[in-house]
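**Student:** Have a look at this fold, sequence not included:
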C-alpha cells in the first residue's frame, strides 16, 4: 500500500471509529481553551480537566484571571506538572490579553505564539478548535502513530506536521488530529502496540513482523 493509499485508508477508517470526536480538554470559549491547552503540557487531559473548573470559576475571563495573584493561580493548579511555571505564564498571559489584545484571545499564529507559555502546538490547537483555521497540532500520540503508519520518519515533530499536512487535505486536519489522538490512546498505545498489534497497524502492514522503534519527539 502506497503512502497516499494509506492516508486515504486512514481517513475512512478513522471516520468510522470517531465520526464526531470531542475536544478532550473541557472549555467554554477561546480563553478557557487557551488556558487548558497551556496547562496540558506534560500532563494528561484528564488531570487538567480536574483542576480547571475551580480555576475558571475564579478567573473566567482574562480580566478576572489577571486580577488573581500568581500564588492564587498556583493553588488551583498545583497538582499539575510544572505548576509554578504554568501559574506564572497564565498570570502574564492574562495581563497581556488585557493590555495588548483588548481582552480577547488573538486569532493568528504569530500573536498566539508570542504569548507566555504558548508554543506552536498550543497555538495550533486554539486556531483549529476555537477559530476553525486548518491546523495540524502534533502531540506524542500523533508523532508516534505517524511513524508507525509510515506517514513520517519520526525525525521531529516539525517534520511530522509537515508530512501529515502534505498527505491530507486541509479540510480534514482539525478533525483528523483529534481522531488520531483518540485512536492512539485507545488502540495504538505506546506500550500496547509496537506497529504490529493494533487493528490499524495490521490493516496497513499485514506482513509486518518487526516492531517499529518509536522515536520520541
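**Tutor:** Nice, I can see it. Keep in mind that this is a model prediction, so the values were computed, not measured. Residues are numbered from 1 along each chain as shown.

**Student:** I'd like the secondary structure assignment at residue 13, please.
**Tutor:** helix (DSSP: H, G, I helix; E, B strand; the rest coil).

**Student:** My guess is it contacts residue 203. True?
**Tutor:** Yes: Residue 13 sits in contact with residue 203 when judged by Cβ atoms under 8 Å, with a separation of 7.2 Å. In short, each C-beta sits where N, CA and C put it, glycine included.

**Student:** count of neighbours near the closest residue to residue 179 other than its chain neighbours?
**Tutor:** Spatially, and ignoring its direct neighbours in sequence, residue 179 is nearest to residue 14 (4.1 Å; Cβ to Cβ, 6 or more residues apart in numbering). The burial count assigned to residue 14 is 20, neighbours taken as other Cβ atoms under 10 Å.

**Student:** measure residue 14 to residue 153 for me?
**Tutor:** 21 Å (Cβ to Cβ, to the nearest Å).

**Student:** Please list all residues in contact with residue 45.
**Tutor:** 24, 25 (Cβ atoms under 8 Å, 6 or more residues apart in numbering).

**Student:** how near is it to residue 125?
**Tutor:** 11 Å.

**Student:** And the helices in this protein, which stretches?
**Tutor:** 3-17, 30-39, 45-58, 62-67, 70-77, 83-99, 109-113, 120-129, 140-148, 157-167, 170-186, 199-204 (DSSP state H).

**Student:** correct me, but residue 185 touches residue 141?
**Tutor:** Yes: with contact defined as Cβ under 8 Å, residue 185 counts as touching residue 141 (6.3 Å).

**Student:** higher neighbour count, those two?
**Tutor:** Per other Cβ under 10 Å, whichever of residue 185 and residue 141 has more neighbours is residue 141, with 18 against 15.
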